[in-house]
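S.K.: Dropping the sequence and predicted coords here.
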Amino acid sequence: MTEDPWHFERRELATRTLSLLTKGPAQALTMFAPRRTGKTEFLIKDLAPLAEGKGHRVIYASFWQAPLSPLAVLLHALELSLKKGKFSDRIRNTALVLAPKLRLSAPIPGAKVEAEIDLTALDKKPPSELLLYMDDLLERLARKRKATILMLDEVQELAKSPNNAPLVAALRTSLDKRSSRLKAVFTGSSREGLAAMFGARQAPFFHFATPIELETLGRPFVDHLIKIFKKSSCRTLNRTEMLTAFERLHANPFFFRNLIEVLLLDTSLGIEEAVERVRYRIAAELGYPETWLALTPVQRAVAGLLAYGVDKPFSQSSREAMATALGESAPSPARVQAALRKLNKLGLADTYTGGWALDDPEFSAWIKETQKP
Ligand SMILES: Nc1ncnc2c1ncn2[C@@H]1O[C@H](COP(=O)(O)OP(=O)(O)O)[C@@H](O)[C@H]1O
Ligand SMILES: [Mg+2]
C-alpha cells in the first residue's frame, strides 16, 4: 500500500476503520494514543491509501505545532485536496507549499472575485465569512457516491484556545449537514484535551464520535523489521534478543525504529549495547534533563510518583510521601491537581487508562534511573 519498506501495515485495522465509517453508523471516529505510537503513520500510510484505493477522496490536516492557526491549517488542507493527484504526492508537497498566502478556489461569500488570503493573519477569532467559505469548500469536496474522508490529526490542539470554539462548532455543523458524504477521523495525543472537546457536555462534538483503538504493536512488527533489516544489510538479527529489546523500548515503534537505525549504521554493536545507545540518544533528543529541570519541585514530585506507577497522586498517602521528598508539609490536593494539569498541558502526563500516568514510558524509566525515589 505504501512505498516505505520499513512500514508495518496495519491492514486489518485500516479495513475495519474504513468500513466503520462507510458501512457502519459512525460518521466520526476518534483515536487517542500517546505521542509516537503510530497514529499519523496509520492515517497516512494505511488508512489513506486504502480509502483512496476504494475511490474515496482523502483529506489530511495536522494541528500539531502548526505555525498557523487551526482555521488556516484546515483551509490550506481543503484547498490543496481540490487539486488532482494522489494523496501521497499531495502530502509530500504539503510542507513545501505552505506559504503565508493562500489563493482561494472560489469567492468568499458576499464577495464577487476570488480572493487571496493571508494565512498568518488568521490567528484571532475566525471571521464568520471564512467559516462559511470553509463550509462551502467542504460541500464541494464531499462526494456523493464515495464519502470523502477527513482526517484531522492531533485535534486536542483545537481545545487549547477559546478562539477555536467557532471553528469547532462550524466543523460540527458542516459534518452534520453531510452525514453520508463526509466522514471524519480525529486523532489526539491527549485524552484530557480530547475529552475537553468530545466529552464536555456543552462541547459541540459531544456524543458525536465513536472511539477506536490503535493496538500496540507486537511480534509481527518486530518480525517485519527483522526481515527488512536482512534485505537491506544481509545481516540476520537474533529474534529473541530483538523481542527483548522491543519490550525494553516499551513496544514503541519510534524507539524501535531508532534501534534499527543504530544497528544499521554500526555493524559492530550488539543488540543490548545498541538499546542502551538508543536510550541515551532518546534522553538527549527528547530533552529529558531539560524537561525535568524546567518543572517546579511539586511538579517534579508528582511526576516522580507517576513514574513509579502511582495513578492518584492527590491521595493522602501520596501527598505525605511528597512532603518527605519536598522537605515541607504535604501539598494540598488542589496543588497536586494544578501540578497534574500543568504536566498534562506540557504533554507529559495524561489519563489514557483512567488513572494518571506519564505519557512516555521511557521518560518514566529515565526518572527512576536518574532521580532518587
Ligand atoms: N506501522 C508502522 N511501521 C513502521 N514504523 C512505524 C509504524 N508506526 C509508527 N512507526 C514509527 O514510529 C514513528 C512515530 O509514529 P507516528 O505515527 O508519527 O506517531 P504519532 O502520530 O502517534 O505521534 C514513525 O515516524 C515511524 O518511524
Ligand atoms: Mg502524529
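M.R.: That came through, no problem. Everything numeric in this text was worked out from a predicted model, so none of it was measured. Ligands and ions are numbered 1, 2, ... in the order given.

S.K.: confidence score at the closest residue to ligand 2 within the stretch 201-350 of the chain?
M.R.: Residue of the stretch 201-350 of the chain nearest ligand 2, by CB to the ion: residue 254 (10.0 Å). For every residue, glycine as well, the C-beta is placed using N, CA and C. As summarised for this prediction, residue 254 has a pLDDT of 97.

S.K.: How about the one 4 residues further on?
M.R.: If you check residue 258, the pLDDT there is 97.

S.K.: rewinding a little: and for the residue nearest to the residue of the stretch 201-350 of the chain closest to ligand 2 when sequence neighbours are not counted, the neighbour number?
M.R.: Of all residues not flanking residue 254 in the chain, residue 36 sits nearest, at 3.9 Å (CB to CB, 6 or more residues apart in numbering). By other CB atoms under 10 Å, the residues close to residue 36 number 19.

S.K.: before we move on, what about residue 121?
M.R.: Number of residues near residue 121 (other CB under 10 Å) recorded here: 12.

S.K.: Can you tell me which residues in the stretch 251-373 of the chain are near ligand 1?
M.R.: Residues of the stretch 251-373 of the chain that fall close to ligand 1, judged by CB under 6 Å from any ligand atom: 253-254, 257.

S.K.: Name the nearest residue to the residue in the stretch 101-250 of the chain that ligand 1 sits nearest to, ignoring sequence neighbours.
M.R.: Nearest to ligand 1 in the stretch 101-250 of the chain, going by CB to the nearest ligand atom, is residue 189, at a distance of 6.0 Å. Using CB to CB, 6+ apart and skipping residues adjacent in sequence, the residue nearest residue 189 is residue 35, 4.6 Å away.

S.K.: per-residue confidence for the one you found?
M.R.: At residue 35, pLDDT is 91.

S.K.: Tell me who's in contact with the closest residue to ligand 2 within the chain.
M.R.: Nearest residue of the chain to ligand 2 (CB to the ion) works out as residue 40 at 3.2 Å. The contact partners of residue 40, by CB atoms under 8 Å, 6 or more residues apart in numbering, come to 62, 153, 187.

S.K.: got it, and residue 117?
M.R.: 75, 101-102, 104, 130.

S.K.: quick one: low-confidence ranges for the protein?
M.R.: For the chain, applying pLDDT under 70 flags the ranges 1-2, 93-98, 199-204, 206-207, 373.

S.K.: how is it carved up into domains?
M.R.: 11-211, 219-285, 296-370 (automatic domain parsing).

S.K.: And the strands in the stretch 101-250 of the chain, which stretches?
M.R.: With DSSP state E, counting those that start in this stretch as the criterion, the stretch 101-250 of the chain has strands at 101-107, 114-118, 148-153, 182-188, 210-211.

S.K.: what lines up beside the shortest one in the sheet?
M.R.: The one in question is strand 210-211. Strand 210-211 pairs in its sheet with strand 28-32 (parallel), by DSSP bridges.

S.K.: how near is residue 337 to residue 314?
M.R.: Relative to residue 314, residue 337 is positioned 6 Å away (CB to CB, to the nearest Å).

S.K.: Compare those two and say which is more crowded by neighbours.
M.R.: Using other CB under 10 Å as the criterion, residue 337 and residue 314 rank with residue 314 on top: 20 against 14.

S.K.: ok, now which ones touch residue 187?
M.R.: Residue 187 makes contacts with 30-33, 39-40, 43, 151-155, as judged by CB under 8 Å, 6+ apart.
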